[in-house]
Each structure stands twice: as structure tokens, then as C-alpha cells.
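Visitor: whatever this is, show me its structure:
(chains A, B, C and D)
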2 protein chains.
Amino acid sequence: MQDSGYTIQEMAERCGMTAHTLRYYERVGLIQPVSRARNGHRRYSEADEAWLHFLHCMRATNMPIRAMQRYAELRELGDSTSLERRKILEDHRAAIASQIQELEKAHAMLTHKIANYKKIEQRTRIGGPIADEPEVDCSLVTAG
Amino acid sequence: MQDSGYTIQEMAERCGMTAHTLRYYERVGLIQPVSRARNGHRRYSEADEAWLHFLHCMRATNMPIRAMQRYAELRELGDSTSLERRKILEDHRAAIASQIQELEKAHAMLTHKIANYKKIEQRTRIGGPIADEPEVDCSLVTAG
DNA sequence: GTACAACTTTGAGCGTGCTCAAAGTCAAGC
DNA sequence: GCTTGACTTTGAGCACGCTCAAAGTTGTAC
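Guide: Below is the predicted model of the structure:
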């Protein structure tokens, strides 16, 4: 057979998704109907792979399926939709930036809190607090 | 009345959650049964607030409810659980770090892709590609 | 005393994003 | 010819984290 291209399993592995998810994405229009081998099995092209990688990257950063659907739709409509597509990407980039901010705040807080736990464990091992070391006590850090 | 403390609505606003969520968290054991006014309404303390803020922060960074439940449980058990609690926090901090990584990768990719869109839009306005400017073409960037 | 608002409870329902079950087709190997 | 295994389809089911509906109580304002 010619029937060239990746099988659904191969593509699933390459993109870090399951075959289930690939079929689901096709079903909801995130990817155009994939070409078929003569036996009816899907065969994915390199172009499909690039697009699926992109989708995966967007999902991994919490873009809703809805937004991805809209983007995919515009992409099918061609060059005239470029501005709207760019806006979607810019919005998502902004969303990512604010996620990063939130995560970094939490990361810093946890670092403090973990240090505080270590201090407590130290104290417990030695027996009782050390006079000259002030308690770490910034709200969240000591909330549990 | 004495019945001092924050009402559920007040606490919801302070913590950026809904009253629904506060009741839900209590129901699933993320917070110990909250004290009540004489009319049976919940009254939240400052300590509750600190703890709820902490929970909110963990949720906002995608800690599963399960993990939060485990942490809350250990917290109730007292100092002897300090090591396990710290481990939970360290694991979550690691999870946060890897989320940040993923997000930053996507952010950079989007920045490239957006720049590419701008270039295309430019070209479209002027009419045709400019000879001396190489196409940006790094897989994901041009995948749609 | 009656309207109204803010709470209470229990249990059900929902949106998202998969994930799987069932039944069937097809091609290769023994 | 029959088994095996990878695929196919459709529609249902699931895990998570809320979110809401219904029915009831309480306290304040008029």
C-alpha cells in the first residue's frame, strides 16, 4: 500500500496524547478529517503532527477547547482571519502570563512555608525553640 | 449578640471564593466545622481566613482537592505529621515549577507566532513578500 | 404580623475534557 | 479458515470541582 503517514497510535505517542483524544479532537473539529488508508484507518501527515503539537501546547497551558475550536475554524477560513487569530493568541499569551504570576507567588510562599517546617522540625529534634531566632510568621506561611 | 466573626458572604469575598465553595470545602473536610452564631449561621475567624487563603492559593495553582484534603487531615493530627505535610508542599512546589516551565515555553512560542502573524499582516498590506526577509519557520510557529 | 433578606440543609445537576464500551471491519500469520 | 490485533463508529460514562434548587429557619424593618 501507499497508505503513508502515521497511524493513530504513532501520532498519539508523538504528541503525548491518547488515540482517544485524537479521535475526540477530530470529532469536535479541532483537526480536519484525517486522511485514510485503504482499510479505513487514519493516517496522519507531518502537517497534522505540527498542528496537533500546537493544540497540545495550547491545551497544556489551559486554553479552553472552545477557544481552540474558534482558532481552528478561523484557520480553515484562510488568510483573511489572520487578525482575529492573532488576537486569540495574544489573549492566550496574556492568560499564560497571569498564570505564571500566580504560580510564582505560590511558589515563593511555599518556599517560605517549607523553610518554616524545616525550622519547626529542627526545633522538635533539639527540643524547644531557640531564643535568638525570630519566628517566621507571615500569614499564609503559618496558616497550617 | 457576641456571635462575632465574618459571615459566609464576607469570608467568600475576602477569599475570592463563593459561599457555595466555602460550604463545599467544609463539607469535604478542607476546613473544620465553622463556629456558629446563635441563629445557626456560620461565623468565620481570622484563623479560618488565613487557612482559607492558603487553600485558595493551593487550588489556584492546581493542587487537587484530594491532596488538600490529605494536608488538612494531617494538620488536624498535629505536629507529628510535620514531615509528611512538608513533603506534600514540596511536591506541590515541584508541580508548580514544572507548570511554570510549560507555560514559559508556550509563552515564548506564542511570542514567535504572534510576531509571524504581524509579519504576514504587514506583507498583506503592502502586497507580496519582501525578498530579503527570511520566513520565520520553526515548526509550531507556522503550524497555523 | 408580615415581608424580606440572609442564611441553613440535603441532594441533585452541570460544564469540561476526556475515556471507555460495544459491536464491527480488516489484514496478516498460522 | 480462524485467530489476533489494530483499527473503526456511536453513544454513553466518568472524574473533578463546583453550583444550584428546594424547602426551611431566623432576625430585622416597617
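Visitor: for DNA strand C, what's its nearest residue on chain A.
Guide: Closest contact between chain A and DNA strand C, by Cβ to the nearest atom of the strand, is at A:Ile65 (3.2 Å). C-betas here are computed from N, CA, C, even on glycine.
Visitor: in this structure that residue contacts A:Arg27, no?
Guide: No: look at A:Ile65 against A:Arg27 with Cβ atoms under 8 Å: they stay out of range, at 11.2 Å.
Visitor: more crowded one of the two?
Guide: More crowded of A:Ile65 and A:Arg27, by other Cβ atoms under 10 Å in any protein chain shown: A:Ile65, with 15 against 10.
Visitor: quick one, helices of chain A?
Guide: Counting by DSSP state H, chain A has helices at residues A:8-15, A:19-27, A:46-60, A:65-77, A:82-126.
Visitor: check what pLDDT the residue positioned nearest the centre of chain A gets.
Guide: Nearest residue to the geometric centre of chain A (Cα atoms, centre = their mean): A:Ala60, 1.3 Å. On pLDDT, A:Ala60 comes in at 97.
Visitor: list the contacts for it?
Guide: Shown in contact with A:Ala60 (Cβ atoms under 8 Å, 6 or more residues apart in numbering or on different chains): B:102, B:106.
Visitor: and for stretch A:97-110, what's in contact with it?
Guide: Residues outside stretch A:97-110 that contact it (Cβ under 8 Å, 6+ apart): A:61-62, A:140-141, B:57-58, B:60-61, B:89-90, B:92-93, B:96-97, B:99-100, B:103-104, B:107.
Visitor: tell me which of the helices of chain A lies nearest to B:Gln32.
Guide: Ranking those by proximity to B:Gln32 (Cβ to Cβ) places helix A:82-126 first, at 19.7 Å.
Visitor: okay, the angle between that closest one and helix B:82-126?
Guide: 160 degrees (axes from the mean of the first three to the mean of the last three Cα atoms, to 10 degrees).
Visitor: could you measure from the nearest residue to A:Pro33 once chain neighbours are set aside over to DNA strand D?
Guide: In space, and not counting its chain neighbours, A:Pro33 is closest to A:Glu26: 6.6 Å by Cβ to Cβ, 6 or more residues apart in numbering or on different chains. Using Cβ to the nearest atom of the strand, to the nearest Å, A:Glu26 is found at 8 Å from DNA strand D.
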